[in-house]
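Enquirer: All I have is the shape, not the residue letters:
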C-alpha cells in the first residue's frame, strides 16, 4: 500500500535560518510526487510536481528534490510569510488517480 | 481565471442529518476529486468523478456519495451524519490524462461541524 511519512511534524526557525523538510514515501511505481502549502483553515496551494529521481524544482525560496525513496523541500533564508503547513503527496500507478498525503510539517518562522 | 470554488464556506449540522457540498472546477478541468481533512491530518481521498461517473473511491462508507454534472461541477452528499464527520472537505480539480500524472488544484474547502 502506498504510504507517505513527513518529518519533522513541526519546525520552528528564525527568519533567515535555512532548513529542509523530509518526505519519505513507499509507492509501487511513482507517477508523481507533489508538494503543497496549506495555511490554517484554507485549501492546499500547489507548489511542485516531481516525476523521477534526480529531478529538482525551484520557486522563490523553495527547492524540491526527489530520490527513489525520499523528497526534500529545502527552504532558503525563510521569511515569516513562509509559515504554513507543507504537505507532501504521491500518486502511484497502482492507485490510478488516488493521491496519498502525508500528515504535513508545520513550519513557523520567527521574525 | 477563476480557480476551484466551493460552497458553502461553513456548515453546522446535527447528528443524523444530511448535507450537500458543492464544487466548481478550475476552467479547463474535467475531473473532480473530493477529500476529507481532519484537524492536524493530511487530506484523505474520498472519491473522484470524471465524465459524470465515480471512477475511484477511497475507504469511505456508502453514506458518502457524489455526483458530477455535464458542466464538470460536482456535489458531495453525506447522509446520516456522525460526530466524526466533522472536518474540512476539500474539492480538487484536474485534467484527466491517460499517461503521466494529473496535478490536482484545490479549492478553499467547506468546514463541516456536526453537533
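Expert: All right, it came through fine. Nothing here was measured: the structure is a model prediction, and the numbers come from that model.
Enquirer: Contacts for the helix or strand encompassing residue A:49, please.
Expert: Secondary-structure element containing residue A:49, defined by DSSP states H and E: strand A:45-50. The set of residues that contact strand A:45-50 without belonging to it, under C-beta atoms under 8 Å, 6 or more residues apart in numbering or on different chains, is A:32-39, A:56-57, A:59, A:62, A:64-66, A:71, A:73, A:86, B:101, B:103-106. For glycine as for every other residue, the C-beta is placed from the backbone atoms N, C-alpha and C.
Enquirer: Counting only strands, which of these make the cut?
Expert: Counted as lying in strands by DSSP state E, out of the contacts of strand A:45-50, are A:32-38, A:56-57, A:59, A:62, A:64-66, A:71, A:73, A:86, B:105-106.
Enquirer: Among the residues you listed, name the buried ones.
Expert: When burial is judged by neighbour count using 16 or more other C-beta atoms under 10 Å in any protein chain shown, the buried members of these are A:32-38, A:62, A:64-66, A:71, A:73, A:86, B:105-106.
Enquirer: can you list the residues of chain A near chain B?
Expert: Residues of chain A that fall close to chain B, judged by C-beta under 8 Å from any C-beta of the partner chain: A:4, A:31-32, A:34, A:36, A:41-46, A:49, A:51, A:87, A:89, A:91, A:95-104.
Enquirer: Nearest the middle, which residue of chain B would you pick?
Expert: The central residue of chain B, meaning the one whose C-alpha is nearest the mean C-alpha position (C-alpha atoms, centre = their mean), is residue B:34 at 2.8 Å.
Enquirer: mind checking the SS state of it?
Expert: Reducing the assignment at residue B:34 to three states with DSSP: H, G, I helix; E, B strand; the rest coil gives strand.
Enquirer: how near is it to residue A:65?
Expert: 30 Å (C-beta to C-beta, to the nearest Å).
Enquirer: picking that back up, could you single out the nearest of the buried ones among the ones in strands among the contacts of strand A:45-50 to residue A:15?
Expert: For those, the minimum distance to residue A:15 (C-beta to C-beta) is 15.5 Å, reached by residue A:62.
Enquirer: does the closest one really touch residue A:74, like I thought?
Expert: Yes: counting by C-beta atoms under 8 Å, a contact exists between residue A:62 and residue A:74, whose distance comes to 7.2 Å.
Enquirer: Spit out the contact partners of residue A:94.
Expert: For residue A:94, the contacting residues are A:2, A:27, A:28, A:29, by C-beta under 8 Å, 6+ apart.
Enquirer: how about 10 Å then?
Expert: Applying C-beta atoms under 10 Å, 6 or more residues apart in numbering or on different chains to residue A:94 gives the contacts A:1, A:2, A:27, A:28, A:29, A:31.
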